[in-house]
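Undergrad: here is the input, now give the coordinates:
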Amino acid sequence: MKRLLPGVVCVVLSLLFAAHLVWGQSGGGLLEMRTSRTFEITLRVVVDRQGGALVMLDREGGDALIAASSAAAVDRALAQSIGGSLRPLGGWTGRQMSRSWSVTRRSNDWLRRKGLWAQGAINPDPLRPLMRVAHIPYLIVEVSPRNAPRFTSSDRYPQRMRSGNVYYRQTYFEFPQPGPELARLWKVHPRKQPSLTVRMGYTPADLIGVAAPLMLVLLLPVVVTLWMRVRALRVIAAGEVDSATVLFGFNRFLQQMIVVVWLLWLPLDYGLGLRSVLEFFWDGALRFLPLPFLAYYLPALTSVACTLLAQPVFQRVWDKQLGGENIVKDSLIALAMILPLVFYSVAASYLLESPVIAAAWATVGYAASRGVGLLGKRTVLRVTGGELFDKAQRLSSASGLPPASVIVLPGAAGSFANAFATKGNRVLLTKYLLDSLSKREVDAIMAHQMTHQKYKHPMILGATYLASAGLSIGAAFWAALHHVPAAWLGVIQSATLLLSLFGQTMIGRAFERVADAGALALTGDPVACMTGLGKITRLNRMPMEWGKWDKYWLTHPSTAQRFREIAKRGGLTEDQVKAAMEAAGTETADDRYTIAVRPAAAAPAV
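TA: Sure thing, here's the model as predicted:
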């Protein structure tokens, strides 16, 4: 036992000396094995459709890195790791993400685009010195291809997380750093860790699969419109069918086809990922343009093209009433009216992230709306006295409205027999209507429009349009919050559009019935109410009766249906109704209004 005692003492002393070398407080240990409470750090990179990315470090690991070094050093290491520039993520999105992540940065040049593909890599080596200082042995890199096109990552298999998002995950282990004594004895070099390579883009088959159905939806209506135009012109020239019937059928078909284009476009646009393709390939100085919203202009261009191709049919039936330049101008105005909505939508998308950019886009939208208003202004004539003016004031007073302004649309703007009610208790009458209807009939038409004003029908219809837009935007937000697939989002948008159209036509028909009843109550002249409507129908080459299904999709009841309802309210006999219908088909005698007018300021298009 005595012989073993010196050996035991030497072993204990050797262990104590080794412990001093390894865990020496002067940093003289052979191997620094100290670790902090944080054993891992998560680097998450979320890729978007444009090749940019959100770069984030988790709260615990990121705070440990910053505490052990500095925020600037962490930013430099992250920029070197992804091989691109970084900028802080501000706005509402940055504030929300900073609650869960210690470092949140944005990179717009991480992926390098070449042809149909873009490629980038995440190199863990620049982060390793900071990890050693913070004594963090594990680095977990997660790459999420959220909203990105075809995506691959270093032959890794995707992992679906509990949130439903898909990540490509790579784990790195940082070996302990050799101490100075061991480093002097052996040349120890850290083992280089493999990079996580990311590649995303499209194959030619992907682009064909996106473009072919969309081009079919956009171009087929143009071809069908050309075919229908040839048929309509041939039937009109042969005189086989009344031209009014041909025109109504052609116009109804054109409007329904445009609606179908939009109903098909929305689910295809979302489901096939047209916006992703546009955003992926749209680069350079014009990248700030709102391409996702400009995608709506493609079906709008198809609608305008179909309207322009239909011009010969309208001119053949209406002769010189409708000039070709008016169709072109009205089509361009309809196309330009989408611009303010586009810019306001972009402003709404930036509202939470950057209020300054949102305000800039809202200003552009307001300027665009003013420009559209100037483009649609027409020269009008204001009635300032005379028999027509006095009658309008009496009808306005009987309706309980303030004094009415009577506006006449001359020339090409008044080439149709029509009347409108607008804000400010204004009644607009076309010159063609005044030249073709008798005084009693014009009185009935003005009473009809003033009833619209009395019950605020124009304002309610405008509110329904805003409600339809709000319903569509609300459906989009709901779908985004519940992670609804893009294809189903398009279906929801189409269903919303269909329901909005159906609801607006129902409301429009109800308002017309109310206005007919109000005109009858104001004038007490059911015959004039009927003959006025009948002459407007005849002058505008419209049929007296709608088809079986047309009554559900048109904003006005048919003239024949309105005749029956007015006759029932006015207590007319069948003979009186027949006499009124015959009078509607004849020219008006000399009992017309002569108007005293003066040029008025240009008014918005109506």
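Undergrad: name the helix or strand of the chain that has the lowest mean pLDDT.
TA: Least confident helix or strand of the chain, by mean pLDDT, DSSP states H and E, is helix 180-185 with a mean of 47.
Undergrad: pLDDT averaged over stretch 492-508 - what is it?
TA: Mean pLDDT, stretch 492-508: 86.
Undergrad: which parts of it are buried?
TA: 492-494, 496-497, 500-501, 504-505, 508 (16 or more other Cβ atoms under 10 Å). For the C-beta atoms, the positions are set from N, CA and C on the backbone; glycine is no exception.
Undergrad: try stretch 354-368
TA: 357-358, 361-362, 364-365, 368.
Undergrad: and it, how far out from the chain middle?
TA: Mean-position distance between stretch 354-368 and its chain equals 16 Å (Cα atoms, centre = their mean, to the nearest Å).
Undergrad: coming back round to it: okay, the buried residues of stretch 354-368 in JSON lines with distance to residue 263, pLDDT and secondary structure next?
TA: Output for these, formatted as JSON lines (distance: Cβ to Cβ, whole Å; pLDDT from 0 to 100; DSSP: H, G, I helix; E, B strand; the rest coil):
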{"residue": "357", "distance to residue 263": "33", "pLDDT": "77", "secondary structure": "helix"}
{"residue": "358", "distance to residue 263": "31", "pLDDT": "79", "secondary structure": "helix"}
{"residue": "361", "distance to residue 263": "28", "pLDDT": "80", "secondary structure": "helix"}
{"residue": "362", "distance to residue 263": "30", "pLDDT": "81", "secondary structure": "helix"}
{"residue": "364", "distance to residue 263": "30", "pLDDT": "83", "secondary structure": "helix"}
{"residue": "365", "distance to residue 263": "26", "pLDDT": "79", "secondary structure": "helix"}
{"residue": "368", "distance to residue 263": "26", "pLDDT": "80", "secondary structure": "helix"}
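Undergrad: just those now: which is nearest residue 102?
TA: When those are compared for distance to residue 102 (Cβ to Cβ), residue 357 wins out at 26.2 Å.
Undergrad: re the thing from before, which one of the buried residues of stretch 492-508 is nearest to residue 394?
TA: The closest of the buried residues of stretch 492-508 to residue 394 turns out to be residue 508 (Cβ to Cβ; 27.9 Å).
Undergrad: picking that back up, got TSV for the buried residues of stretch 354-368, with distance to residue 419 too?
TA: Formatted as TSV, the buried residues of stretch 354-368 follow (distance: Cβ to Cβ, whole Å):
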residue	distance to residue 419
357	44
358	41
361	38
362	35
364	35
365	32
368	30
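Undergrad: next, count neighbours for residue 510.
TA: 12 (other Cβ atoms under 10 Å).
Undergrad: I meant to write residue 399 there.
TA: By other Cβ under 10 Å, neighbour count at residue 399 equals 19.
Undergrad: that one against residue 455, yeah?
TA: No - using Cβ atoms under 8 Å, residue 399 is not in contact with residue 455, being 9.8 Å away.
Undergrad: find residues that contact each of those two.
TA: Common neighbours of residue 399 and residue 455, counting by Cβ atoms under 8 Å, 6 or more residues apart in numbering, are residue 518.
Undergrad: residue 417: what secondary structure?
TA: Following DSSP: H, G, I helix; E, B strand; the rest coil, we place residue 417 in the coil state.
Undergrad: can you check the pLDDT for it?
TA: If you check residue 417, the pLDDT there is 86.
Undergrad: which residues touch it?
TA: With contact taken as Cβ under 8 Å, 6+ apart, residue 417 is in contact with 430, 432-433, 436-437, 535-536, 539-540.
Undergrad: could those residues go into CSV alongside pLDDT, neighbour count and distance to residue 548?
TA: Converted to CSV, those look like this (pLDDT from 0 to 100; neighbours: other Cβ atoms under 10 Å; distance: Cβ to Cβ, whole Å):
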residue, pLDDT, neighbour count, distance to residue 548
430, 88, 24, 31
432, 86, 21, 31
433, 90, 24, 30
436, 88, 18, 31
437, 91, 26, 31
535, 92, 23, 26
536, 91, 23, 23
539, 85, 20, 26
540, 83, 19, 22
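Undergrad: please flag which of the residues you listed sit within helices.
TA: Among the contacts of residue 417, DSSP state H puts 432-433, 436, 535-536, 539 in helices.
Undergrad: and those, which two are furthest apart?
TA: The span of those, defined through Cβ to Cβ, is set by 432 and 535 at 10.9 Å.
Undergrad: what does the pLDDT read for residue 552?
TA: In this model, residue 552 is scored at 78, pLDDT.
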